[in-house]
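1. sequence below, structure please.
(2 chains)
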Amino acid sequence: MVKKMFLPKLNKLKKAIALCLTSVIAVSSVVTLTANAEDEIPYDTYNYNYWKYIVKTPAAYVPDGIVTMDQIGESTLSSPQDMCVSADGDIFVADTGNNRIVVMNSDMTKVIRVIDSFDRDGAKDGFNAPYGVCVSESGNLYVADSNNARVVVLTPEGEFVKIVDNPQSEILDDDFAFVPLKVTVDYADRVYVISKGAFEGILVFESDGNFTGYFGTIDVKISPWEKFWRRFASKEERSNQKLFIPTEFTGIDVDSGGFIYASNIDSEGKQAVRRLNPQGKDVIQKGENGNVGGDITFSKYGDYGGPSEITDVVYRGKGLCSLLDRKRGRIFTYDKEGNLIYIFGGIGFQKGTFMTPVAIEAISDEILVLDAERNAILKFKETNYGNLINDAVGLRYDGDETLAIEKWEAVLTLDENNELANNGIGKAYLTSGDNKKAMHYFKLGMNRKYYSIAFKRYRNDILAKNMSAIMTGVIIFIVAFIIFRKWYRKKSGKKKEEGLL
Amino acid sequence: MIKNLLSADKWKYAFYTVSHPADGYYEIRHRDRGSVPVAIILVIIFSICFSINRMSASFIVNDINPTSVDSLKELFSVLLFYLLICVSNWSITCLMEGKGRLKDIAIAVGYSTIPATFCIAIGTVLSQFIAKDEDAFYYMVVGIGIAYTLFMLLIGVMTVHNFTLGKTLITILLTFVAMLLIIFVTLLLFDLINQVLSFIRSIYQELIYRA
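-> Next comes the predicted model:
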């Protein structure tokens, strides 16, 4: 009887325990699943510290899907080479292989328009391998029509405006071939064109289409060692050696002030982007590491060895610019001072990695990368970490260092070793007068200059506060020293008299 | 014996040598007032101070990653370097009719580290109290220490071997050549030993696999 009474209860207990266990397992598996989902970023996210060591950081941007034309009801792209975002957010893609320009709305859910031909003075005209595309501030569309050797200017709707071609000048060689690859337009409708094989720099056209000259020539660097050997080489040997020609520009963008950001492939990996002022002079700041060339440390050999090969640059506002590396598929973002603020991206076959990245653009809080092999646009959205850094850098750009401190402190909770965050907080403490805390943060940020400023103030404060005590100490010491010396001389004098020494 | 070599008198004499290099080294050579254990301990102290300086001198003047400093490794390298200097100097001065024994050279080199040790230690402390534009003070202190050490080394070699200044300078130059030679021969020896060992190992492996 007792047993029978007990059994059902036991069963209930068992059931309850079983239920508990399964629910715990289920919950924990869900937890691990979500944790995995967050870890599933198919690339490395890292940065370089003061000693140029690689430091892993949280991801600033994570993959947010891939857009192919099939998804949105349009025939697929064929090795597209460039894209551009207009002021009202429309996305223009140069579909090089299909000789057309595809225009999408800003969230890339539908194709607004496909421009494959235009009406030129009554005659129908089209593109031949349109390589670069750009939308000016006034809204006109500039297409670098590479094989037709011209830049076609259209209204956003595809109506013909004018053609920029056939640069005429004494400085051009007779056999100069104009093959426009990338194009950008500044606020005054000046057209900047990267032409294939034009090592002298970027070609500049006035708004009326006249060629005015080259712009931003990259100087050739010859090491003393190479000079030394060339001295001893015979004429034939010299002709067999590699030519010292400057590298070509690969990508181009313009900021609101008319400064041109131009990327190039630097064989030393030191400087892959230039910020050219209206005179064509490079005015970029190179940051703490003195390097704006992508990866700072890399292996020299192997498929993924060698310096980064920067193919495109995008100016993202507030002094931020992002570079796209086609060798390792990284995206490097620099602030106005040229400090690397975050790195993400990678080459591969997984979702969110590139095969042949060719162009980069930014649209609100997203970064878009055009992949010529996948024939698709990859989207990346900013994480909390990326958002905090972007905001903090933006606030600093605007001069609101004290407002940035909250952001930097939040960055430090996610990434303890972030040197920029430490320096940002240090500067805020310095302005608020807390020199000791400022010293602490500047030391963590390895900032000698500002540490010294904070330290000097701190030292002066201590000296001023304790001046009387210090002076008293010094006087007491001097007096004690004199008395001791007198006593010592007396003693040793006695010893001498006694003949002990 | 060792107690005698480490007596307070010997220690005091090391510091007397710093203030009176010429006299001090003369008596080391001719009246046995120096002590090799004291010299070795001084070199060890130098190495420790050197490592501490690299590790904890203020980052204003110090561009070394503190985590990359291995003080034990540095101690061994400094001791090895000390041995190398003594042996190569001895082998050169033997050929050049120097009067010094290996013992005297070891003492001369060991004692001459005192100013460097002292100034590096002071510099390490000083570096904590300076700003970036005052780093000249730090470099001055350390520089004076190293300069005085080199000066003592010169006087030491000169006095111990009873050389003229010109001959001393030539000797020191040749000492460096001898050091390079010794390093070269040692590396060669190690490489050859390695090859012999790998040869024996491969024979052993062959035998094992055949059996």
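2. contacts only, for the residue nearest to the spatial centre of chain B.
-> The residue lying closest to the centre of chain B (CA atoms, centre = their mean) is B:Tyr82, at 3.6 Å. In this structure, B:Tyr82 makes contact with B:Ile40, B:Val43, B:Ala106, B:Val109, B:Gly110, judged by CB atoms under 8 Å, 6 or more residues apart in numbering or on different chains. C-beta coordinates here come from the backbone N, C-alpha and C atoms, glycine included.
3. these also near chain A: which ones?
-> Applying CB under 8 Å from any CB of the partner chain, the subset of the contacts of B:Tyr82 adjacent to chain A is empty.
4. can you name the residue of the stretch 1-150 of chain A nearest chain B?
-> For the stretch 1-150 of chain A, the residue closest to chain B is A:Trp51, as judged by CB to the nearest CB, at 4.8 Å.
5. which of the helices or strands spans A:Val102?
-> Assigned by DSSP states H and E, A:Val102 belongs to strand A:100-104.
6. sheet-wise, list the partners of that strand with their directions.
-> If you go by DSSP bridges, strand A:100-104 pairs up with strand A:91-95 (antiparallel), strand A:111-115 (antiparallel).
7. distance between it and the chain's centre?
-> Centroid separation between strand A:100-104 and its chain, computed with CA atoms, centre = their mean, to the nearest Å, is 27 Å.
8. how much space between the residue nearest to A:Lys110 when sequence neighbours are not counted and A:Gly197?
-> Distances taken as CB to CB, 6 or more residues apart in numbering or on different chains put A:Ile72 closest to A:Lys110, at 5.5 Å, once the chain neighbours are dropped. In this structure, A:Ile72 lies at 36 Å from A:Gly197, with CB to CB, to the nearest Å as the measure.
9. then B:Ile182?
-> Distance of B:Ile182 to A:Gly197, given as CB to CB: 57 Å.
10. so these two - more neighbours on which side?
-> Between B:Ile182 and A:Gly197, counting by other CB atoms under 10 Å in any protein chain shown, B:Ile182 is the more crowded of the two (15 against 12).
11. right, and the more buried one touches B:Ser88 too?
-> Yes - look at B:Ile182 against B:Ser88 with CB atoms under 8 Å: they come within range, at 5.8 Å.
12. mind listing what the residue positioned nearest the centre of chain A touches?
-> For chain A, the residue whose C-alpha lies nearest the mean C-alpha position (CA atoms, centre = their mean) is A:Thr333; its distance is 1.5 Å. Applying CB under 8 Å, 6+ apart to A:Thr333 gives the contacts A:Ala60, A:Arg316, A:Leu320, A:Cys321, A:Ser322, A:Leu323, A:Leu340, A:Ile341, A:Tyr342, A:Ile343.
13. just to check, the second one is in contact with A:Ile363?
-> Think A:Arg316. No - in this structure, A:Arg316 is not within contact of A:Ile363 by CB under 8 Å, at 9.7 Å.
14. and whatever residue of the stretch 251-400 of chain A ends up closest to chain B, backbone torsions?
-> When scored by CB to the nearest CB, the stretch 251-400 of chain A has A:Glu288 as its residue closest to chain B, at 12.9 Å. Backbone geometry at A:Glu288, expressed as degrees, to the nearest 10, gives phi -60, psi -40.
15. name the nearest residue to it, sequence neighbours excluded.
-> In space, not counting the residues next to it along the chain, A:Glu288 is nearest to A:Asn339; the distance is 5.8 Å by CB to CB, 6+ apart.
16. the one you found touches A:Lys286, doesn't it?
-> No - when contacts are counted by CB under 8 Å, A:Asn339 is not listed as touching A:Lys286 (9.1 Å).
17. quick one: which of these two has more around it?
-> When A:Asn339 and A:Lys286 are compared for neighbours, A:Asn339 comes out ahead with 21 against 15, by other CB under 10 Å.
18. any idea how far B:Ile85 is from that one?
-> In this structure, A:Asn339 and B:Ile85 are 45 Å apart, going by CB to CB.
19. for the chain, which spans come out with low pLDDT?
-> Looking at chain A here, since you left the chain open. Applying pLDDT under 70 to chain A flags the ranges A:1-39, A:241-245, A:494-501.
20. I was thinking of chain B, sorry if that wasn't clear
-> Along chain B, segments meeting pLDDT under 70 span B:1.
21. interface residues of it facing chain A?
-> Checking chain B against chain A by CB under 8 Å from any CB, the hits are B:Phe59, B:Ile60, B:Asn65, B:Phe129, B:Ala131, B:Lys132, B:Asp133.
22. try 7 Å this time
-> Chain B comes close to chain A at residues B:Phe59, B:Ile60, B:Asn65, B:Ala131, B:Lys132, B:Asp133, as judged by CB under 7 Å from any CB of the partner chain.
23. pull the most distant pair out of the residues you listed.
-> Taking CB to CB, the two most distant members of the residues of chain B next to chain A are B:Asn65 and B:Asp133; they sit 23.8 Å apart.
24. more neighbours: the two, which one.
-> Applying other CB under 10 Å to B:Asn65 and B:Asp133 shows that B:Asn65 carries more neighbours, namely 14 against 10.
25. how about the contacts made by the more buried one?
-> By CB atoms under 7 Å, 6 or more residues apart in numbering or on different chains, B:Asn65 lies in contact with A:Trp51.
26. and it, how far is that from A:Ile425?
-> When CB to CB is applied, the distance between B:Asn65 and A:Ile425 equals 22 Å.
27. and if you look at A:Ile363?
-> Computed as CB to CB, the A:Ile363 to A:Ile425 distance reads 31 Å.
28. C-alpha coordinates for stretch A:343-355, PDB please?
-> What follows is the C-alpha trace of stretch A:343-355 in PDB, where atoms were taken according to Å, rounded to 0.1, in the frame of the first residue of the first chain:
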ATOM      1  CA  ILE A 343      40.800  46.400 -39.000                       C
ATOM      2  CA  PHE A 344      38.400  43.700 -40.300                       C
ATOM      3  CA  GLY A 345      37.700  41.600 -43.300                       C
ATOM      4  CA  GLY A 346      39.300  38.600 -45.000                       C
ATOM      5  CA  ILE A 347      39.700  36.600 -48.200                       C
ATOM      6  CA  GLY A 348      37.800  33.300 -48.400                       C
ATOM      7  CA  PHE A 349      34.800  31.400 -49.600                       C
ATOM      8  CA  GLN A 350      32.700  31.800 -46.500                       C
ATOM      9  CA  LYS A 351      29.900  34.200 -46.100                       C
ATOM     10  CA  GLY A 352      31.200  37.700 -45.400                       C
ATOM     11  CA  THR A 353      34.600  37.200 -47.000                       C
ATOM     12  CA  PHE A 354      35.900  38.400 -50.300                       C
ATOM     13  CA  MET A 355      37.300  36.700 -53.400                       C
END
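29. buried residues, that stretch. List them.
-> A:Ile343, A:Phe344, A:Gly345, A:Gly346, A:Ile347, A:Gly352, A:Thr353, A:Phe354 (16 or more other CB atoms under 10 Å in any protein chain shown).
30. dump those residues into a markdown table; add distance to A:Ala149 as well.
-> Formatted as a markdown table, these follow (distance: CB to CB, whole Å):
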| residue | distance to A:Ala149 |
| --- | --- |
| A:Ile343 | 38 |
| A:Phe344 | 38 |
| A:Gly345 | 34 |
| A:Gly346 | 37 |
| A:Ile347 | 33 |
| A:Gly352 | 38 |
| A:Thr353 | 35 |
| A:Phe354 | 30 |
